[in-house]
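In: structure of the sequence below:
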Amino acid sequence: MLPFVKLTVPKSAFGKVAEPVCPTFCKHNIPYTKIQLPTSGITQPEKSVQKYVRYNNKNQQVLMFLVIGGNGFLGGEIVSQLVSRGESVRVLSRRSVNGEVAGAEYCFGDVRDRKSLMSACLGVHTVFHTASIPSISVHWQPFYQTNVLGTQNVIDACIENKVRRLIYTSSASVTFDCTSQPAADENLSYPKRWLAHYPHSKAIAEKLVLDVTGKSELLTCSLRPHLIIGTKDRHLIPRLLDRAKRGKLFRVGDGTNLIDIIFVENAAAGHILAADSLNNESSPVNGNAYFISQGEPVNCWNWIDEVLLASGLPKVSKSISFRKAWYLGAILESWYKLFRLQGEPLMTRFLSAQLAQTHYLNITKAKKDFNYKPIIPMTEGMEKLKQFLKYNHQ
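Out: The predicted model follows:
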């Protein structure tokens with residue numbers, strides 16, 4: 001029998017129980033009911049973790065780094081960079097994939113399973129938590145279980161095992177309110193209204209991580225990258241190309257909006273720089289969130305056309321106004337919710353705003369507090385990406 005926790009959830013307009021919502025800093029003026037969800041037993045580790053602290057030949061303790069989600073796009077690059085500089089690295093992932101980094105220790109589990117997290121955190125000094133569900137699905141529960149409860153489990157495992165540093169991968173979308181945001185900085189607050197579950201859940205998780213500061217010995221920080229890209233990307237660019245091939249890629253808005261991107265090498269390096277600077281309670285990094293990007297905004301649709309041409313595909317020729325895309329998104333969201341359809345709608349209100357509105361970042365704070373600087377410049381990164389697309393997608 002699995003242990004259960006009671007969550008507070010709103011009743012839907014149709015009299016049925018809806019997905020659980022955040023009971024912390026989100027306000028809802030609607031009636032509530034109670035449901036039960038399992039908090040453990042979702043998956044079990046397939047491989048036991050070595051339960052000891054490592055020492056070198058001089059009997060000095062070797063710092064162990066744990067990368068949660070280390071088989072993912074960003075997590076894998078963090079693992080590679082840590083191993084390349086001689087660090088002792090452990091990876092916690094839900095599954096094994098090709099391309100495991102030689103020299104890293106791999107174990108398997110799930111952030112929803114406290115037991116696997118407790119084992120993985122044994123003897124660990126620094127944790128990078130990169131695992132999450134990135135999606136525009138209209139169903140809240142998967143986001144809540146993985147992005148919110150999973151992050152709380154990570155925090156608990158860190159505190160229980162006396163981990164010293166926790167670096168959380170958030171998202172630049174946690175402050176995006178679907179309006180134009182040029183040179184957005186960390187003074188922006190979370191939106192008062194959430195139109196997508198991914199940024200909502202990431203904001204809740206980020207707040208959980210940062211609120212630990214001063215309440216335990218765990219040092220924390222949160223990084224907010226925007227549109228991570230690279231040759232090993234399995235999500236953003238492949239989905240973009242798939243839509244283009246199926247004739248379902250439309251320019252939204254007038255095509256003049258500027259956005260920020262970041263190459264995965266820079267995102268990983270930023271995480272490691274933040275960890276290195278998070279060395280004591282007085283560090284300016286402790287308890288803070290940071291935007292990181294290339295620092296060179298690009299025209300969203302010119303950049304998309306560049307990617308398409310490098311892949312042997314024509315430029316985007318179809319277009320739709322922001323207003324029409326917004327209302328189309330609202331209709332599709334309602335349809336998916338009403339009939340409990342799985343997968344993702346072709347358009348949502350949040351996605352329409354991301355595709356039409358200017359949204360780029362001011363990274364001055366990251367530069368100042370932990371010397372963040374892109375190690376891969378825009379020109380070099382795009383040339384590498386285009387060469388990869390040319391030989392792998394044409």
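
In: quick check, residue 276 in contact with residue 372.
Out: No: assessed by C-beta atoms under 8 Å, residue 276 is found out of contact with residue 372, at 11.1 Å. Every residue, glycine included, has its C-beta placed from N, CA and C.

In: these two: which is more packed in?
Out: Neighbour count, other C-beta atoms under 10 Å: between residue 276 and residue 372, residue 372 has more, with 25 against 14.

In: got the phi/psi numbers for the more buried one?
Out: phi -70, psi 130 (degrees, to the nearest 10).

In: same deal with the one 10 residues further on?
Out: As for residue 382, its main-chain torsions (degrees, to the nearest 10) stand at phi -70, psi -40.

In: number of residues surrounding residue 134?
Out: Neighbourhood size, residue 134 [other C-beta under 10 Å]: 15.

In: what's near enough to touch the residue lying closest to it once chain neighbours are set aside?
Out: Nearest residue to residue 134, sequence neighbours excluded (C-beta to C-beta, 6 or more residues apart in numbering): residue 198, at 5.9 Å. Neighbouring residues of residue 198 by C-beta atoms under 8 Å, 6 or more residues apart in numbering: 133-136, 143, 147, 171, 173.

In: same list (the residues you listed) but as a markdown table, adding secondary structure, pLDDT and distance to residue 122.
Out: Shown next, in a markdown table, are these (DSSP: H, G, I helix; E, B strand; the rest coil; pLDDT from 0 to 100; distance: C-beta to C-beta, whole Å):
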| residue | secondary structure | pLDDT | distance to residue 122 |
| --- | --- | --- | --- |
| 133 | coil | 95 | 26 |
| 134 | coil | 94 | 29 |
| 135 | coil | 95 | 32 |
| 136 | coil | 96 | 36 |
| 143 | helix | 98 | 28 |
| 147 | helix | 98 | 24 |
| 171 | coil | 98 | 29 |
| 173 | helix | 98 | 33 |
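
In: what's the PyMOL line that selects buried ones from the residues you listed?
Out: Those of the contacts of residue 198 that count as buried under 16 or more other C-beta atoms under 10 Å are selected in PyMOL with:
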select buried, resi 133+136+143+147+171+173
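
In: quick one: which of the contacts of residue 198 is nearest residue 290?
Out: Nearest to residue 290 among the contacts of residue 198: residue 171, at 12.1 Å, using C-beta to C-beta.

In: and the closest one, backbone torsions?
Out: According to degrees, to the nearest 10, residue 171 has phi -150, psi 150.

In: gap between the nearest residue to it once chain neighbours are set aside and residue 137?
Out: Nearest in space to residue 171, with sequence neighbours left out and distances taken as C-beta to C-beta, 6+ apart, is residue 202 at 4.8 Å. Distance of residue 202 to residue 137, given as C-beta to C-beta, to the nearest Å: 14 Å.

In: between the two, which is the more surrounded one?
Out: Neighbour count, other C-beta under 10 Å: between residue 202 and residue 137, residue 202 has more, with 27 against 20.

In: need the helices for the stretch 251-394 of the chain, in chain order.
Out: Assigned helices in the stretch 251-394 of the chain, in chain order: 264-277, 300-310, 322-338, 349-356, 364-370, 378-393 (criterion: DSSP state H, counting those that start in this stretch).
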